[in-house]
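Chemist: Curious how this folds, go ahead:
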Amino acid sequence: MLLWDGDLIKCELSSVENQKCHKGQVQEIFLDEGELITAGSDGSVKIWDFETIDGADVIEEDAMFPMEPMSEMEVGEGVNIVSMCKTVTENNNDTNSMWLAQDASGGIWKLDISVSLTKKAPELIQSYHAGPIRGLAPCPYTHMVASIGADGTVRVFDYLRKTTLVSKKYKYGGSCILWPGRNVDSLMST
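Modeler: Below is the predicted model:
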């Protein structure tokens, strides 16, 4: 991560081992209650002490400022975070905050990124197509709809219960989908 001072680069933040802050691209940066929060394509969320970063001072030749995050979380294996937002709920004069993250595969994650020993593990709360939906096919006999996406997934959704019944990923994306009629499959098993 680069720290800017006006229109000049002041220094580059790195880990103590002189490694980059994330193993991939930093996708999101937030300043929240004196903490700098970064989320990366490597699937990790890191919390940095903003006061330490703001006071970073380096020798001109090196321009590296080594520091470790106050806390970090690996969301999941193969997760590529593309977006995050903070949610705040109030209950009986008690305020709780939680973060939601979207990954490049269409997953929505609930994250507790608090700096504490009792923080909760990341929870995948919903999964969607990871890109455009190319086709929809409503079932003519019941309250389901099938969808196919550019990401190669086919999903069957129960729109009354608001749940995904089946999700299957294929190597290539599709462009249209058709729900076969009873004259094609009388048992409705395909």
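
Chemist: in the sheet, who's paired with residue 64?
Modeler: When assigned by DSSP bridges, residue 64 has beta-bridge partners residue 12.

Chemist: tally of neighbours for it?
Modeler: Using other CB atoms under 10 Å, the number of residues around residue 64 comes to 13. For glycine as for every other residue, the C-beta is placed from the backbone atoms N, C-alpha and C.

Chemist: That one and residue 9 touch, don't they?
Modeler: No. The criterion here is CB atoms under 8 Å, and residue 64 misses it with residue 9 at 11.5 Å.

Chemist: Give me the distance between the nearest residue to residue 168 once chain neighbours are set aside and residue 124.
Modeler: Excluding the flanking residues, the one nearest residue 168 by CB to CB, 6 or more residues apart in numbering is residue 154, at 5.2 Å. In this view, residue 154 and residue 124 are 19 Å apart by CB to CB, to the nearest Å.

Chemist: repeat for residue 47
Modeler: Taking CB to CB, one finds residue 47 at 21 Å from residue 124.

Chemist: Tell me which of these two has more neighbours.
Modeler: For residue 47 versus residue 124, neighbours defined as other CB under 10 Å are more numerous around residue 47 (19 against 13).

Chemist: ok now do that one, which residues does it touch?
Modeler: Counting by CB atoms under 8 Å, 6 or more residues apart in numbering, residue 47 touches 35, 36, 37, 69, 70, 71, 72, 113, 115.

Chemist: Check pLDDT for those residues and point me to the minimum.
Modeler: Confidence by pLDDT is poorest for residue 115 among the contacts of residue 47, given 74.

Chemist: Could you count how many residues lie near that residue?
Modeler: 11.

Chemist: Okay, it and residue 132: tell me how far apart.
Modeler: For residue 115 relative to residue 132 (CB to CB), the value is 38 Å.

Chemist: now residue 41
Modeler: Counting by CB to CB, the gap from residue 41 to residue 132 is 21 Å.

Chemist: Between those two, which has more neighbouring residues?
Modeler: The neighbour comparison of residue 41 against residue 132 (other CB under 10 Å) goes to residue 41, with 17 against 9.

Chemist: Quick check: that one touching residue 24?
Modeler: Yes. Between residue 41 and residue 24 there is a contact under CB under 8 Å: 3.6 Å.
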